[in-house]
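J.: Model the following, please.
(chains A and B)
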Protein chains: 2
Amino acid sequence: MKRPNSVRTQFLSAHDVAEIVAKMGLAQVLRGMADYIEADFLRWSDFDKCARVASHSAGGVIELMPISDAKTYAFKYVNGHPKNTLLGLPTVMAFGVLADVDTGVPHLLSELTLTTALRTAAMSAVAARALARAASRCMALIGNGAQSEFQALAFHHLLGIEELRLFDTDRSATAKLVRNLRHTPLRLIVCQSVAHAVRGSDIVTTVTADKTHATILTPGLIQPGMHINGVGGDCPGKTELHADVLRGASVFVEYEPQTRIEGDLQQMPGDFPVTELWQVLAGRAPGRIAPSQVTLFDSVGFALEDYSALRYMDDAARELGVGRPLSLIPELTQPKDLFSLVRPAFKDLSLAA
Amino acid sequence: MKRPNSVRTQFLSAHDVAEIVAKMGLAQVLRGMADYIEADFLRWSDFDKCARVASHSAGGVIELMPISDAKTYAFKYVNGHPKNTLLGLPTVMAFGVLADVDTGVPHLLSELTLTTALRTAAMSAVAARALARAASRCMALIGNGAQSEFQALAFHHLLGIEELRLFDTDRSATAKLVRNLRHTPLRLIVCQSVAHAVRGSDIVTTVTADKTHATILTPGLIQPGMHINGVGGDCPGKTELHADVLRGASVFVEYEPQTRIEGDLQQMPGDFPVTELWQVLAGRAPGRIAPSQVTLFDSVGFALEDYSALRYMDDAARELGVGRPLSLIPELTQPKDLFSLVRPAFKDLSLAA
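T.: Sure, this is the predicted structure:
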C-alpha cells in the first residue's frame, strides 16, 4: 500500500511494536517473522549485500546495516555496549528504515530494539529447524539477558523445546528470566555452571554480551548430535566458543564475508569451511546429514533479517492500524522549491537587513 | 546538555528546522553553520572517517554517511533521484542522527533535507572564502533547482557576492529562483546559456542534478582567476566538468578517498594532484597563491559536514526550545528486561494456549 508521490513516513515506536505483539500474540509474531526471513533468504541473489559498517570504540560499537533488493532498501542503526546495563541502559538499541528504491522516500521508520530481539530469535529458530535434530526437546541457554526470553520462546513455539537449562554469570538475570517465563509450559532448570547447563541438552544457545574473546563453550562440553546456536560472538574481538568447538562442528553462517570478520569464525583461518544457511534452506547444500553430527550456527545478525523484520512489522502495523505519520521529509508544493520552507523567515531578514 | 542514563531521542522535523531559521535568520544560520564546519574541519584528525556507503539503482542512489569522533557519532541517510521532480518529489531527501559514542544512545533524530541544502551552501562558502579572490562580487549559478537559493545567499552573506548570473535548462527553475530572491539586494541576471552566465563571473557554481557525464563547463569558458564551486558532480557516473577544466585548475576536495570515486575527479587518473581543504584551512597547504590562478572546489558532500550541521541544529534547537521527544528507544525499568515490553501480551497468549 505504497502512497505514490508522497514523502510520508510512518513511525512505529517500541510501544507500537509491543501493541502489535499483544494483538497478534508472541508465538504468531515469531512464526510470521521466521516465515518472512525464510522467504527472503530463499531469494538471496535478489539482494545487494554488504558487510555492515561498524564504528568501534573502547566501550562498544555502533553499526549501520544496509541492504536492498530492486524495490526496497532497508537499513538498521544498532549499537552494542555491554557495560550499558551498569548505567541502567540497554546493551543493544536499534531503529531502522524501509525506503523505496525508485524514489528514495523513507516510508517506514521503526524502533528495532524490541524487533531485533524478535528477529534474532526467529532467525535462530529458522537455522535450528534446518540444522538441529528433529527430536530436540532440551536447550541450554547461556546468557540470560535481554534477548534470552525471546530465544526461549522461539525455540519453544517453532521447534518444540520443552526444557531450558539456564546459566548466566549474573544470577539476577537468570532470576528475571525465570520470573518472565514461569507461566509457560517450559521446564526451567537453573544451573550452576555452563557445563551443568549444557549437560544433556540437544541444543546449546549462547547469547552473552561481553566484548571479549571468551570461551564459554569448550570442546569437552560438546556431545555428538548437538546443535549450537552461537548468537553472541558477533563483532571483532567478541567470541564465545573455543576454536576446537568450531573445528569439531559443521559450521553454518548467514553471510560469509561478514561472519569471517565478526563471528566466532574470526578465530579461524580464512579457508575454514562454512556453509551459508540460505543454501541449506534452498536445498543447494546439505544441512544436518547424520544424527551424531555437531552443527553450529555462527550467527552475527545480517541486514537481510532486519529487512524481513521491518517488512513484517510494516505489514502487521498496516493490518492492525498501528503507528502514526512522522514529518521526517518536508512536503513541498514544488519539489524544486525547497526554499519555500524558509521564505517567510528570509523575507523578515531582508526587511531587517 | 546530554541526559545521562536516558534513552530519550529529540526529534526535529523540517518545520522545526524552518522555525530555527525563522528565529535566527537565514544569514545567521549560514554563518553559524559555516563556523561549525570550519571548527570541525580544523580538528580533522579527531574523526574516524570513511567513504559513504552507496546503494545505486537505475534511477538514483541511497547513501549512508557515518562519521564519529571520540564523543559523538553521526550519520545521514540521503538519496539522489534526479527524476523525482517529475513525480512531484524532491531529488534529494535526507535525515540524520547524533548518537553518544560511550553508550550508543541516539539523542537526536533530525530532518536533513532542508539542513543539507544549508550545510552544502555553508560548505561551499567556507571553501570559497579560502580559495576565491577576495574581491569576488559576481557569481554564475548553473543549475537553479532546490539548492540554488541557498548557494546564492551563502555567497551573498559570507563572501559579498552582489550579482548572480543564472542559467538552468529548466527555465521555470530559474523563474522560481528569481521569484524567491527578488526582494534581496542581489542583482539577478537571467542568462541564455552556460557561456553567457559564466562570462565575467568571479565565481562559477555548478549545482545540477542529472546522473550523467555532463560537460557543463568546458575549458574555453574559464577565465584566469576564476573560482569554480562544483557541487553537482557527486556520485559515480555523475560529473559536470570537462576533464581539461580540472587539468587547468588547482583542485581542492573534502575527503580525497571519497572524491576520487564520486567527484568530477572520477574522470582523472588516480595520481591527479588534489589538496584536501582542511589542510588549507589549517594553514598546512596553500590555497590560492596568485590572482590569475583558477581554483576548483570539487565538492561531493562529506559526512563531517552533516556532523557539523546536526551539531549546529541540536544546539540551536536547545537554545530556542524547538523540537520534541520521540520514543525511538524503549525505556526499560531493568535494562536486561526487554521482555517486560511484551509480558502482558505473552501472558494473554499463555492463557489462550
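J.: show me what contacts the closest residue to A:Arg43 other than its chain neighbours?
T.: Spatially, and ignoring its direct neighbours in sequence, A:Arg43 is nearest to A:Asp69 (7.7 Å; C-beta to C-beta, 6 or more residues apart in numbering or on different chains). Any C-beta I mention is one placed from the backbone N, CA and C, and that applies to glycine too. Contact partners of A:Asp69, counting by C-beta atoms under 8 Å, 6 or more residues apart in numbering or on different chains, are A:Arg43, A:Asp46, A:Phe47, A:Asp48, A:Val101.
J.: ok, the residues you listed vs chain B, which is closest?
T.: A:Val101 (5.0 Å; C-beta to the nearest C-beta).
J.: isn't that closest one right next to A:Thr72, touching?
T.: Yes: counting by C-beta atoms under 8 Å, A:Thr72 is a contact partner of A:Val101 at 6.3 Å.
J.: Could you check how far A:Arg52 is from A:Thr120?
T.: As for A:Arg52, its distance to A:Thr120 is 14 Å (criterion: C-beta to C-beta, to the nearest Å).
J.: same check, this time on A:Arg343
T.: For A:Arg343, the distance to A:Thr120 equals 47 Å [C-beta to C-beta].
J.: tell me which element the closest residue to chain B within the stretch 101-250 of chain A is part of?
T.: Of all residues in the stretch 101-250 of chain A, the one sitting closest to chain B is A:Gly104 (2.5 Å; C-beta to the nearest C-beta). Using DSSP states H and E, A:Gly104 maps to neither a helix nor a strand.
J.: Neighbours of it, how many?
T.: 29 (other C-beta atoms under 10 Å in any protein chain shown).
J.: which ones are touching it?
T.: Each residue near A:Gly104 by C-beta under 8 Å, 6+ apart is listed here: A:Tyr73, B:Gly60, B:Val61, B:Ile62, B:Asn79, B:Gly80, B:His81, B:Asn84, B:Met93.
J.: ok, now with 6 Å
T.: Contacts here follow C-beta atoms under 6 Å, 6 or more residues apart in numbering or on different chains; on that basis A:Gly104 touches B:Gly60, B:Ile62, B:Asn79, B:His81, B:Met93.
J.: just these that are near chain A?
T.: The subset of the contacts of A:Gly104 within reach of chain A, by C-beta under 6 Å from any C-beta of the partner chain, is B:Gly60, B:Ile62, B:Asn79, B:His81, B:Met93.
J.: and these, which are buried?
T.: Neighbour counting by 16 or more other C-beta atoms under 10 Å in any protein chain shown classes B:Gly60, B:Ile62, B:Asn79, B:His81, B:Met93 among the ones next to chain A among the contacts of A:Gly104 as buried.
J.: so the last one touches A:Glu331, yeah?
T.: What that stands for is B:Met93. No: between B:Met93 and A:Glu331 there is no contact, the gap being 10.9 Å when judged by C-beta atoms under 6 Å.
J.: State the pLDDT value of the residue nearest to A:Glu254 when sequence neighbours are not counted.
T.: With C-beta to C-beta, 6+ apart as the criterion, A:Glu254 has its nearest non-adjacent residue at 3.9 Å, and that residue is A:Phe302. A:Phe302 carries a pLDDT value of 94.
J.: my read: A:Phe302 touches A:Tyr255, true?
T.: Yes: under the criterion of C-beta under 6 Å, A:Phe302 makes contact with A:Tyr255 at 4.7 Å.
J.: interface residues of the stretch 151-300 of chain A facing chain B?
T.: Within the stretch 151-300 of chain A, the positions near chain B by C-beta under 6 Å from any C-beta are A:Ala173, A:Lys176, A:Asn180, A:His183, A:Thr184.
J.: Farthest pair within the residues you listed?
T.: Pairwise distances across those (C-beta to C-beta) peak at 18.7 Å, for the pair A:Ala173 and A:His183.
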